[in-house]
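1. Just the structure for this:
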Amino acid sequence: MYDFIAIDFETATTDMNSACSLGIVCVDKFEIKDKKYFLIKPPQNKYLANNTAIHGLSASDTENAPDFAEVWDEIRSLFSPDCIVVAHNARFDLSVLRSCLDLYSLDCDDFPYIDSIAVSNRAIPDKKYGQSLVERAAFFNIPIGSHHNALDDATTCANIVISSVKTTNRRSLHTYCSSFRRRTTHLFSELKPMTKIPNRFDGKKVSAVNIVPAAPVSDTAHPFYGKSFVLTGDLETLTRSSAMQRIVDVGGVVKSGVSAKTDFVIVGKQDASVVGSDGMSTKERKAHELKDKGAAIQILNEKEFLELL
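-> I've put the predicted structure just below:
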């Protein structure tokens with residue numbers, strides 16, 4: 001019996017039942033006792049490019065993988081009334097679990113769960129501190145491994161909970177949860193599941209606020225560290241979200257609009273039906289105008305950007 005298990009799902013599409021990988025980390029007495037990692041074949045083995053850009057998995061990785069029903073046979077005993085299930089942004093992962101169980105008409109014992117954000121909130125004095133997995137791991141100086149690898153993320157989640165509970169001087173997550181007047185855990189049967197995954201990383205519409213460094217930035221000498229970026233057009237070798245991720249991973253900041261404070265404008269291929277006769281987007285044109293007025297803006301094509309990156 002474990003004090004808690006930490007889980008993390010990755011999905012192949014925006015459908016909640018499209019689990020393509022699962023990481024499970026089993027913890028007792030503040031020690032990680034076991035780890036499990038599964039590749040899962042999603043329905044029709046279908047993937048969206050935006051999901052692949054996030055976690056790196058594609059149809060070829062799961063072509064011969066078991067479906068969720070087969071994986072459930074192996075892990076079902078871990079989800080029990082006596083073991084707390086933890087996840088970071090728990091509603092997402094538990095909604096994936098609920099949808100996969102429903103898809104294959106599988107049974108599951110009711111179990112308590114809690115969000116690692118809620119657990120770590122008690123241990124973080126600055127309530128304005130970021131809630132992402134990366135930001136919480138950085139607060140506790142926890143190495144994050146490969147972000148969006150299900151096992152690495154589940155391990156990070158487990159370590160965030162371990163560090164948080166130790167900070168409150170509790171003997172276990174169970175004693176931590178029972179020490180508050182208000183109930184801190186919820187039952188899986190009480191979950192109001194998400195029905196669709198918001199496609200936050202859809203092409204050009206990805207928002208910079210959703211992109212955080214995959215690990216604490218340490219190379220302050222990198223030419224992009226502390227610099228502001230604006231992207232325009234389509235890159236040939238990177239999706240928009242991947243390019244933004246690469247920028248923030250080295251300490252850069254992605255902005256939506258060009259200003260005199262912009263350091264770099266990265267120019268990709270433009271849609272001729274949208275841009276003017278000069279072939280420039282509004283962002284690129286503004287960058288040239290500001291540069292002519294003395295702004296220290298560097299305008300890079302994709303090749304130049306990748307060479308500096």
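2. where along the chain do the strands fall?
-> For the chain, the strands defined by DSSP state E occupy 4-11, 19-28, 31-39, 84-87, 112-115, 186-187, 228-232, 253-254, 264-267, 298-301.
3. buried set for the last one?
-> If I follow you right, that is strand 298-301. 298-300 (16 or more other C-beta atoms under 10 Å). For every residue, glycine as well, the C-beta is placed using N, CA and C.
4. Domain map for this protein?
-> 4-190, 203-308 (automatic domain parsing).
5. Now the weakest link among these, please, by mean pLDDT.
-> Mean pLDDT is lowest for domain 203-308 among those, at a mean of 82.
6. distance between it and the chain's centre?
-> Here domain 203-308 is found 22 Å from its chain centre; the criterion is C-alpha atoms, centre = their mean, to the nearest Å.
7. same thing with stretch 45-58?
-> The answer for stretch 45-58 is 13 Å, by C-alpha atoms, centre = their mean.
8. Any chance you could list what contacts that stretch?
-> For stretch 45-58, contacts defined as C-beta atoms under 8 Å, 6 or more residues apart in numbering pick out 10-14, 18, 20-21, 39, 59, 62-63, 148-150, 199, 201-203, 239, 241-242.
9. go again using 7 Å as the cut-off
-> Defining contact as C-beta atoms under 7 Å, 6 or more residues apart in numbering, one finds that stretch 45-58 is touched by 10-14, 20-21, 59, 62-63, 148, 199, 201-202, 239, 241-242.
10. Only the buried residues of it, if you could.
-> Result for stretch 45-58 [16+ other C-beta under 10 Å]: buried residues 45, 47-48, 50-55, 57.
11. thinking again about what came up before, can you say which of the domains of the chain is packed in most?
-> With neighbours defined as mean count of other C-beta atoms under 10 Å, these peak in mean count at domain 4-190, which reaches a mean of 18.
12. what about that domain, start to end distance?
-> Taking C-alpha to C-alpha, to the nearest Å, domain 4-190 runs 19 Å from one end to the other.
13. how near is V134 to T184?
-> 24 Å (C-beta to C-beta, to the nearest Å).
14. Verify the stated contact: M194 with R91.
-> Yes - the criterion here is C-beta atoms under 7 Å, and M194 meets it with R91 at 6.3 Å.
15. just to revisit the earlier point, of all the buried residues of strand 298-301, which comes closest to I160?
-> Distance to I160, by C-beta to C-beta, is smallest for L300 among the buried residues of strand 298-301, at 37.1 Å.
16. Touching stretch 64-80 from outside, list them.
-> Everything outside stretch 64-80 that qualifies as a contact, by C-beta under 7 Å, 6+ apart, is 5, 19, 22, 24, 36, 38-41, 85, 100, 104, 106, 108-109, 111.
17. C-alpha coordinates for it, CSV please?
-> Extracted C-alpha coordinates of stretch 64-80, given in CSV (Å, rounded to 0.1, in the frame of the first residue of the first chain):
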residue,chain,number,x,y,z
ASN,A,64,2.2,-1.8,-31.5
ALA,A,65,1.4,-0.4,-28.1
PRO,A,66,-1.5,-1.8,-26.0
ASP,A,67,-4.8,0.0,-25.9
PHE,A,68,-6.0,1.6,-22.6
ALA,A,69,-8.1,-1.5,-21.6
GLU,A,70,-4.9,-3.7,-21.7
VAL,A,71,-3.0,-1.1,-19.6
TRP,A,72,-5.8,-0.8,-17.1
ASP,A,73,-5.6,-4.5,-16.3
GLU,A,74,-2.1,-3.9,-15.0
ILE,A,75,-2.7,-0.7,-13.1
ARG,A,76,-6.2,-1.0,-11.8
SER,A,77,-5.2,-2.2,-8.3
LEU,A,78,-3.2,1.1,-7.8
PHE,A,79,-6.5,3.1,-7.9
SER,A,80,-8.0,2.2,-4.6
